[in-house]
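> Provide a 3D model corresponding to the input given below.
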Amino acid sequence: MPFQRSLAAAGGALALLAASAVLATDWTVSLDTRLVASDGEPSFLDDGLGALRYGHSQSGIQLGRLRFALTQPIGNILALHLDASSWGDHDKTPIGPTEAFLELRPYPRAGFRARVRAGAFYAPISLENRAAGWDSPYTLSSSAINSWIGEELRTIGVESEVDWLGTRLGHNVDLGVVGSAFGWNEPAGAELASHGFAINDRQTVLFGQVGESGPLPGEGFNEFHEFDGRVGTYFGLNAQYLDRLTVQALHYDNHADPSSFDPVLDEHAWATHFDSAGARAEFPGGWTVISQWLEGETYIAPAGIGELEWAFRSRFGLLSKSFGKQTLSVRYDAFEVGADPPTQLGLQNGHAVTLAYLYEPNEHWRFALEGVRVRSSESNRTILLGATTPFATESLLQLSVRYAISGH
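Next up, the predicted model:
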């Protein structure tokens with residue numbers, strides 16, 4: 001396919017540019033270690049159906065994240081970005097890239113600014129994960145929405161954004177539009193049907209997998225593949241008021257063929273589409289309020305079975321207060337996955353409360369303490385694991401110590 005060949009060539013160019021990048025490189029290395037206390041079930045990362053990153057058998061010292069990132073300018077308006085991580089779990093790839101892309105940023109002109117990306121990167125959905133490495137400056141664990149995005153979604157393609165810089169022209173508002181064409185995301189949606197939403201901070205690397213091989217559909221699943229030849233798209237709008245209020249909305253559709261099946265990968269193409277909208281408001285005194293909503297459907301049509309469909313929805317509200325070098329945040333999540341007959345697999349309903357305290361004394365150190373409590377019902381607990389009840393209440397307390405170094 002011309003689209004696939006073009007992106008493969010772009011990937012080869014990225015590798016060559018990375019090998020030749022020796023001057024003016026900005027780089028960061030960070031190590032996040034955790035002291036964990038959990039009463040949760042084994043998570044989907046450990047061939048279970050727990051809704052947290054760490055289950056009860058993982059209490060103790062754990063690797064939160066080992067991260068390496070670099071930005072290499074290529075001239076004045078082009079740059080190469082690479083972000084790679086290790087999560088210390090059972091991934092077949094011990095360390096791998098979560099993002100790798102070229103970014104073109106021409107100089108603003110006549111009140112307009114453009115940006116073009118090519119490679120692998122996150123779609124502009126999250127209002128929460130805005131720190132380096134697609135991290136959150138408010139909590140350790142992401143919301144259910146952004147936990148799923150980190151698990152199953154990555155734009156592998158091209159994205160373009162155009163902003164009207166009204167604040168530079170004497171107005172109070174900046175406006176932007178964004179659009180993308182992408183591939184290699186046919187499996188997106190399989191994990192929602194397998195284990196539903198979760199609350200964690202793990203991001204699937206581009207050449208990695210989700211979970212181990214086991215009895216659950218989708219466990220040991222490889223997310224980023226192209227086998228139906230169709231191009232996915234998303235389009236979004238955003239507005240900013242005086243850097244105090246950000247509002248955005250986006251429609252995503254991978255346009256996958258639900259009847260397509262790859263016998264080598266033993267994977268179906270999941271036709272997944274959703275809408276997302278949210279707002280982030282920042283007030284004097286260090287207060288931040290975020291609210292976000294996401295709703296959509298994913299479905300497959302295996303030969304001889306017919307169409308199987310799962311509808312999903314999640315929303316969260318976050319309140320955060322920064323005082324000096326400290327940040328205190330609380331977040332409430334609600335989420336659900338519904339399955340159409342004849343299957344009862346993957347029915348989920350739940351909510352979670354997260355409370356986090358972060359302290360960053362300098363550019364090198366960050367200390368964080370977070371507690372998460374999740375109450376959920378997941379039909380696969382009884383259907384696939386033989387549990388006596390689909391309900392579970394899980395709690396996680398984790399202390400994080402992160403050290404980072406960077407250079408030019």
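> which residues of the chain fall in helices?
2-20, 144-152, 190-194, 380-383 (DSSP state H).
> weakest of those helices by average pLDDT?
Among these, helix 2-20 carries the lowest mean pLDDT, a mean of 41.
> buried sites along stretch 359-373?
360, 366, 368, 370, 371, 372, 373 (16 or more other CB atoms under 10 Å). The way it works is simple: take the backbone N, C-alpha and C, and place the C-beta from them, glycine included.
> from the residues you listed, which is closest to residue 390?
residue 373 (17.9 Å; CB to CB).
> got the contact list for the closest residue in space to residue 404 that isn't next to it in sequence?
Spatial nearest neighbour of residue 404, chain neighbours left out: residue 30 (3.7 Å); criterion: CB to CB, 6 or more residues apart in numbering. The contact partners of residue 30, by CB atoms under 8 Å, 6 or more residues apart in numbering, come to 65, 66, 67, 133, 402, 403, 404, 405.
> For these, pick the one with the most neighbours.
Using other CB atoms under 10 Å as the neighbour test, those are led by residue 67, with 23 neighbours.
> Quick check: that one vs residue 27, distance?
11 Å (CB to CB, to the nearest Å).
> For residue 286, give me its contacts.
Residue 286 touches 321, 322, 323, counting by CB under 8 Å, 6+ apart.
> burial of the last one, as a residue count?
In other words, residue 323. Residue 323 has 9 nearby residues by other CB under 10 Å.
> who does it bridge with?
residue 326 (DSSP bridges).
> same deal with residue 26?
Applying DSSP bridges, one finds that residue 26 bridges with residue 71.
> Residue 267 too?
residue 262.
> how many neighbours does it have?
Using other CB under 10 Å: residue 267 sits among 20 other residues.
> likewise residue 89?
Using other CB under 10 Å: residue 89 sits among 18 other residues.
> Would you check how far apart it and residue 100 are?
21 Å.
> Can you list which of the buried residues of stretch 359-373 are found in strands?
366, 368, 370, 371, 372, 373 (DSSP state E).
> okay, the residues you listed in JSON lines with pLDDT and distance to residue 171 next?
Converted to JSON lines, those look like this (pLDDT from 0 to 100; distance: CB to CB, whole Å):
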{"residue": "366", "pLDDT": "98", "distance to residue 171": "37"}
{"residue": "368", "pLDDT": "98", "distance to residue 171": "38"}
{"residue": "370", "pLDDT": "98", "distance to residue 171": "39"}
{"residue": "371", "pLDDT": "98", "distance to residue 171": "43"}
{"residue": "372", "pLDDT": "98", "distance to residue 171": "41"}
{"residue": "373", "pLDDT": "98", "distance to residue 171": "44"}
